[in-house]
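Novice: Sequence plus the predicted model coming up.
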Amino acid sequence: MGFPDRIERVVEIRQSREKVWAALTTAEGLGAWFGNQATIDLRPGGAATMAWDSGDSASMRVERVDEPSVFAFTWHIYGLPEDDPRRTYVEFTLEPAGDGTRLTVVETGFAQLPDDAHHTAFDGNTRGWASELGELVAYLDAA
């Protein structure tokens, strides 16, 4: 493999795993920090959607639910046509960390892309996770 396949971010959050879990796995939570509106059928194979006020939207497929430790989904790869079947896999792992939670987010699946599409998707999602996880922490701190 000539380029990275994995984005990984670790964030220390001052909130309990239960609060972080709810922010990741409920329509209310996802719509507050990740999108502007969201739906989720929280079971493996369930559908989830997010929509933004800009008119953009994302469809996800729930892949793993191990409450309150692991939540994972697959979703469309940024920069590819909507009808492209390729997806990346995103997994959130929540671990106790003192009075708070250590959240690890790993997204994989970029190696399946040619160079130009890889650059667009990998760089876009790397920036995106930095921004979105900051919004998650701000949402949880305000709650």
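Specialist: Arrived safely, thanks for sending.

Novice: Tell me the spacing between the nearest residue to residue 20 once chain neighbours are set aside and residue 5.
Specialist: Excluding the flanking residues, the one nearest residue 20 by Cβ to Cβ, 6 or more residues apart in numbering is residue 101, at 4.7 Å. The C-beta positions use only the backbone N, C-alpha and C, and glycine is treated the same way. Applying Cβ to Cβ, to the nearest Å, the value for residue 101 to residue 5 is 26 Å.

Novice: Pick out whichever of the two has more residues nearby.
Specialist: A count of neighbours by other Cβ atoms under 10 Å puts residue 101 above the other of residue 101 and residue 5, at 22 against 15.

Novice: For the residue nearest to residue 20, give me its contacts.
Specialist: Residue 101 is in contact with 12-13, 15-17, 19-20, 94-95, counting by Cβ atoms under 8 Å, 6 or more residues apart in numbering.

Novice: what sits against the residue nearest to residue 143 when sequence neighbours are not counted?
Specialist: What sits nearest to residue 143 in space, not counting adjacent residues and going by Cβ to Cβ, 6+ apart, is residue 19, at 7.0 Å. Shown in contact with residue 19 (Cβ under 8 Å, 6+ apart): 101, 140, 143.

Novice: Distance check, residue 19 against residue 56.
Specialist: For residue 19, the distance to residue 56 - Cβ to Cβ - is 27 Å.

Novice: Please name the nearest non-neighbouring residue to the most centrally placed residue in the chain.
Specialist: Taking Cα atoms, centre = their mean, the centroid of the chain lies closest to residue 90, which sits 5.6 Å from it. Computed as Cβ to Cβ, 6+ apart, the closest residue to residue 90 that is not its neighbour in sequence is residue 107, at 4.7 Å.

Novice: Show me what secondary structure element comes after the helix or strand hosting the one you found.
Specialist: Using DSSP states H and E, residue 107 maps to strand 100-108. Remark: after strand 100-108, the chain's next helix or strand is helix 115-142, criterion DSSP H and E.
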